[in-house]
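K.L.:
Requesting a structural model of the entry that follows:
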Amino acid sequence: MHDQVTELAQRGKALLPEERSRLVDILLESLHEPAIAEVEAAWELEIERRLAEYDRGESKSIDADEVFAKARSLAR
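P.N.:
Next up, the predicted model:
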């Protein structure tokens with residue numbers, strides 16, 4: 001019986017180390033694609049919610065310089 005996975009593994013082993021590493025990265029990333037899509041969709045909703053909240057005047061913005069200054073003081 002023909003085992004496609006074994007054949008692909010053998011072909012992969014013939015690649016240069018950098019190519020094998022890239023292939024492994026691509027395959028591992030493909031295992032997480034549904035989860036990544038869900039997270040991105042959730043962030044899109046959160047961004048829309050926050051923008052709507054800001055547009056309604058329910059939240060205020062903070063200047064980036066102020067945020068970074070506070071972060072620096074907390075990091076000390």
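K.L.:
how close does residue 46 sit to residue 53?
P.N.:
Residue 46 sits 10 Å away from residue 53, going by C-beta to C-beta, to the nearest Å. Yep, even glycine has a C-beta here, placed from its N, CA and C like the rest.
K.L.:
neighbouring contacts of stretch 20-31?
P.N.:
With contacts defined as C-beta atoms under 8 Å, 6 or more residues apart in numbering, stretch 20-31 is touched by 12-13, 15.
K.L.:
Name all residues that make contact with residue 46.
P.N.:
Applying C-beta under 8 Å, 6+ apart to residue 46 gives no contacts.
K.L.:
follow-up on the earlier one: secondary structure for the contacts of stretch 20-31 - can I get that in a markdown table?
P.N.:
Shown next, in a markdown table, are the contacts of stretch 20-31 (DSSP: H, G, I helix; E, B strand; the rest coil):
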| residue | secondary structure |
| --- | --- |
| 12 | helix |
| 13 | helix |
| 15 | coil |
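K.L.:
Any chance of JSON lines for the residues you listed, columns pLDDT and distance to residue 42?
P.N.:
Formatted as JSON lines, the contacts of stretch 20-31 follow (pLDDT from 0 to 100; distance: C-beta to C-beta, whole Å):
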{"residue": "12", "pLDDT": "95", "distance to residue 42": "34"}
{"residue": "13", "pLDDT": "96", "distance to residue 42": "39"}
{"residue": "15", "pLDDT": "96", "distance to residue 42": "36"}
